[in-house]
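Student: could you look at this predicted model? Sequence included:
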Amino acid sequence: MHDQYAAHRQFVTIDGRRLGYVTAGDPAAPPVVLVHGWLSHARTFRQTLEALRDGHYCVAVDLLGHGFSDKPHDGDYSLHAQATRVLRLADALGLDRFAVIGHSMGGMIGLYLAGKLAPERITRLVDVSGVVNGRLSSYVRYVLTPIYAMGAAVPAIWSFSRVAMNWRWYAYTYDRALYANPRRSFEPVTAEDRQMALMPGNEIPAYRDLQAIRSADVTEWLPQVQARTLVIFGRYDKTVPLVNARLAAERVPGARLALLEDCGHVPMTEQPEAYLQAVRAFLAE
């Protein structure tokens, strides 16, 4: 698998666990920390990094249990723990105040950072398909969750899924939750993302992360967000119900909502031009 960011990947140790991250841009430029979602990784922001690197210092993290970071079975995968690690990474890089772009679970982490954990440190927030109340779609709850629960209990199932993702009919089960039109091809990006989602050793962290998302709710902290906020959602998101977009847009003071047509849960892949136009305009204001 070609990894164009391998030369830029670095690692930091936080509480004895190694976190990977990639950077793009001039460290003297305004910093942006990019936080991916569940079953994802730093390179889900490939196009974002390229689009913003000329005017920003971009740091995309692999959260604990994801990508090239450590995957301890006994790790703390709670919302608070993952958000705290993002802050510790920022501390290690000398980033006192920074913007956050968070996708899905990363959007939830961004809202938690900006509303509860460190509101004074977040300059701007882009919440992309972010979870607010912990309620995911019925497809994720009743179709995907049992699959990942079995994968956590029986590693052989996880290994089988990793191979089976090369079969289009099996990959459709995964893609159906992500895209407005799952039969439309976004290869080779989606092929890489599927394989990264099912990396060896991720069986238990993936399921525990899913449990953490479903047990969290950041609604009460939304009115405390001080950062200027842009909420970006695909109108046909089949992973995070649109009620989450409405909650963030209505309860975060001054937040704006951009609903993208013909788009599901991953605007960066499905509608990259509209997504990047909205992000660039917002950060440039």
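Tutor: Looks like it arrived, so ask away. Residues are numbered from 1 along each chain as shown.

Student: look up the closest residue to Arg135, ignoring the ones flanking it.
Tutor: Distances taken as CB to CB, 6 or more residues apart in numbering put Pro241 closest to Arg135, at 6.5 Å, once the chain neighbours are dropped. Bear in mind the C-beta positions are built from the backbone N, C-alpha and C, glycine included.

Student: and if you look at Arg162?
Tutor: Per CB to CB, 6+ apart, closest to Arg162 is Leu198, 4.3 Å.

Student: pLDDT score for Ala156?
Tutor: pLDDT for Ala156: 88.

Student: what is the burial count for it?
Tutor: Ala156 sits with 10 neighbouring residues when counted by other CB atoms under 10 Å.

Student: same check, this time on Met108
Tutor: There are 31 residues near Met108, going by other CB under 10 Å.

Student: for Glu250, same thing?
Tutor: So Glu250, with other CB under 10 Å, has 11 neighbours.

Student: any idea which element it lies in?
Tutor: Using DSSP states H and E, the element containing Glu250 is helix 243-251.

Student: now do that helix: distance to the chain's middle.
Tutor: 18 Å (CA atoms, centre = their mean, to the nearest Å).

Student: what's the answer for stretch 104-116, then?
Tutor: Stretch 104-116 sits 10 Å away from the centroid of its parent chain (CA atoms, centre = their mean).

Student: tell me which stretches of the stretch 101-250 of the chain form helices.
Tutor: In the stretch 101-250 of the chain, the helices defined using DSSP state H, counting those that start in this stretch lie at 105-112, 138-139, 145-153, 155-164, 168-175, 189-197, 203-215, 243-251.

Student: between these, which gets nearest to Phe68?
Tutor: Counting by CB to CB, Phe68 lies closest to helix 189-197 out of the helices of the stretch 101-250 of the chain; the figure is 9.2 Å.

Student: if we can go back for a sec, state the mean pLDDT of the helix holding Glu250.
Tutor: Here the average pLDDT along helix 243-251 is 97.

Student: that helix - contacts with which helices or strands?
Tutor: strand 228-234, strand 256-260 (3 or more CB pairs under 8 Å, 6 or more residues apart in numbering; DSSP states H and E).

Student: what sits up against the shortest one?
Tutor: Looking back up the chat, that one is strand 256-260. 229-235, 245-246, 248-249, 267, 271, 274-275, 278, 282 (CB atoms under 8 Å, 6 or more residues apart in numbering).

Student: need the contact partners of the helix or strand following it.
Tutor: Next helix or strand after strand 256-260 toward the C-terminus (DSSP H and E): helix 267-270. Contacts with helix 267-270, where a contact means CB under 8 Å, 6+ apart, come from 44-48, 103, 128-129, 178-180, 184, 186, 189-190, 193, 232-234, 260, 262-264, 274-275.

Student: of those, buried ones?
Tutor: 44-48, 103, 128-129, 178-180, 186, 189-190, 193, 232-234, 260, 263-264, 274-275 (16 or more other CB atoms under 10 Å).

Student: what pLDDT does the nearest residue to Leu276 once chain neighbours are set aside get?
Tutor: If you skip the residues right next to it in sequence, Leu276 has Ala51 as its closest partner in space, 4.9 Å away by CB to CB, 6+ apart. If you check Ala51, the pLDDT there is 95.

Student: no more questions from me, cheers.
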